[in-house]
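[1] The amino acid sequence is not available; the structure is as follows:
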């Protein structure tokens with residue numbers, strides 16, 4: 001605080017900007033940690049329930065138990081499309097209409113892709129702020145340091161003294177900006193890399209679940225056609 005009070009207006013503004021980046025980054029890190037952890041835990045429980053139950057109507061009735069799982073969102077969209085196509089087939093007195101390539105499997109696949117895209121967007125929301133903080137905070141801090149050093153040298157020129165006692169305080173105050181920039185950037189970069197890795201795992205799970213869902217639908221209703 002003493003160093004902050006001794007800096008100039010521009011450096012103070014830089015430090016306040018970096019403080020804002022740091023506080024918001026930590027808030028995002030905490031929120032994303034909880035969100036991703038809940039998503040992982042709920043997805044594990046949902047997969048276990050899905051393979052043990054094997055009845056789509058029973059699974060659909062219990063989806064609220066897995067609210068935080070992206071896989072449950074995929075199932076909800078896929079099952080809704082499946083029901084719509086089954087009802088359409090009943091209207092046409094053709095219960096196997098969903099087994100046709102164009103009107104059936106492709107429609108469900110598109111519904112699953114839309115749900116996957118929506119879940120990825122939800123999981124990655126605000127993580128770009130962490131990437132922005134990690135890439136820009138050091139440069140913002142460096143700008144504050146350069147400005148502070150310029151001010152310090154200007155003061156040296158005005159006083160006509162270049163002794164260590166005169167130079168050191170100004171340089172130390174200027175370097176605070178770089179230090180705060182690194183303090184803001186390092187956790188943001190670590191958090192961003194961590195969450196991207198966890199989200200990639202969830203994306204792989206969603207892709208695998210979509211494939212299994214389509215396989216189950218194809219096997220179940222292709223048999224009826226035969």
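    The structure has been received and is ready for your questions. In this text the structure is predicted, and so the values were computed from the model without any measurement. Residues are numbered from 1 along each chain as shown.
[2] so which strand or helix has the residue lying closest to residue 179 once chain neighbours are set aside?
    What sits nearest to residue 179 in space, not counting adjacent residues and going by C-beta to C-beta, 6 or more residues apart in numbering, is residue 141, at 7.2 Å. C-beta here means a position set from N, CA and C on the backbone, and glycine is covered the same way. Using DSSP states H and E, residue 141 maps to helix 127-159.
[3] Now do that helix, average pLDDT.
    Confidence over helix 127-159 (mean pLDDT, whole number) is 85.
[4] Going by neighbour count, which residues in that helix are buried?
    Using 16 or more other C-beta atoms under 10 Å as the test for burial, helix 127-159 gives 127, 129-130, 133-134, 136-138, 140-141, 143-145, 147-149, 151-152.
[5] Give the other helices and strands that that helix contacts.
    On a contact count with 3 or more C-beta pairs under 8 Å, 6 or more residues apart in numbering; DSSP states H and E, helix 127-159 meets helix 9-53, helix 164-225.
[6] now the first one: how far from the chain's centre is it?
    It refers to helix 9-53. Helix 9-53 sits 7 Å away from the centroid of its parent chain (C-alpha atoms, centre = their mean, to the nearest Å).
[7] after that helix comes which helix or strand?
    Next along from helix 9-53, by DSSP H and E: helix 56-60.
[8] Out of the helices and strands packed on helix 127-159, point me to the one whose mean pLDDT is lowest.
    Averaging pLDDT over each of the helices and strands packed on helix 127-159 puts helix 164-225 lowest, since it has a mean of 84.
[9] any idea of the angle that one forms with helix 127-159?
    170 degrees (axes from the mean of the first three to the mean of the last three C-alpha atoms, to 10 degrees).
[10] Now find how far off-centre helix 164-225 is within its chain.
    That offset, for helix 164-225, works out to 6 Å (C-alpha atoms, centre = their mean).
[11] could I get the helices and strands packed on helix 127-159 as JSON lines with mean neighbour count?
    Putting the helices and strands packed on helix 127-159 into JSON lines (neighbours: other C-beta atoms under 10 Å) gives the following:
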{"stretch": "helix 9-53", "mean neighbour count": "16"}
{"stretch": "helix 164-225", "mean neighbour count": "17"}
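[12] what would those look like in a markdown table with distance to residue 73?
    Below are the helices and strands packed on helix 127-159 laid out as a markdown table (distance: least, C-beta to C-beta, whole Å):
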| stretch | distance to residue 73 |
| --- | --- |
| helix 9-53 | 10 |
| helix 164-225 | 9 |
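[13] Ok, which of those comes nearest residue 105?
    helix 164-225 (6.0 Å; C-beta to C-beta).
[14] and residue 141, what does it touch?
    With contact set as C-beta atoms under 8 Å, 6 or more residues apart in numbering, residue 141 has these partners: 14, 18, 177, 178, 179, 180, 181, 182, 184.
[15] Return the per-residue confidence for residue 65.
    So residue 65 comes in at 90 (pLDDT).
[16] neighbours around it, how many?
    Using other C-beta atoms under 10 Å, the number of residues around residue 65 comes to 12.
[17] Apart from its chain neighbours, what residue comes closest to the residue sitting nearest the centre point of the chain?
    When C-alpha atoms, centre = their mean is applied to the chain, the residue found nearest the centroid is residue 124 (2.4 Å). Spatial nearest neighbour of residue 124, chain neighbours left out: residue 199 (6.2 Å); criterion: C-beta to C-beta, 6+ apart.
[18] So the one you found is in contact with residue 121, correct?
    No. Using C-beta atoms under 8 Å, residue 199 is not in contact with residue 121; the gap is 10.8 Å.
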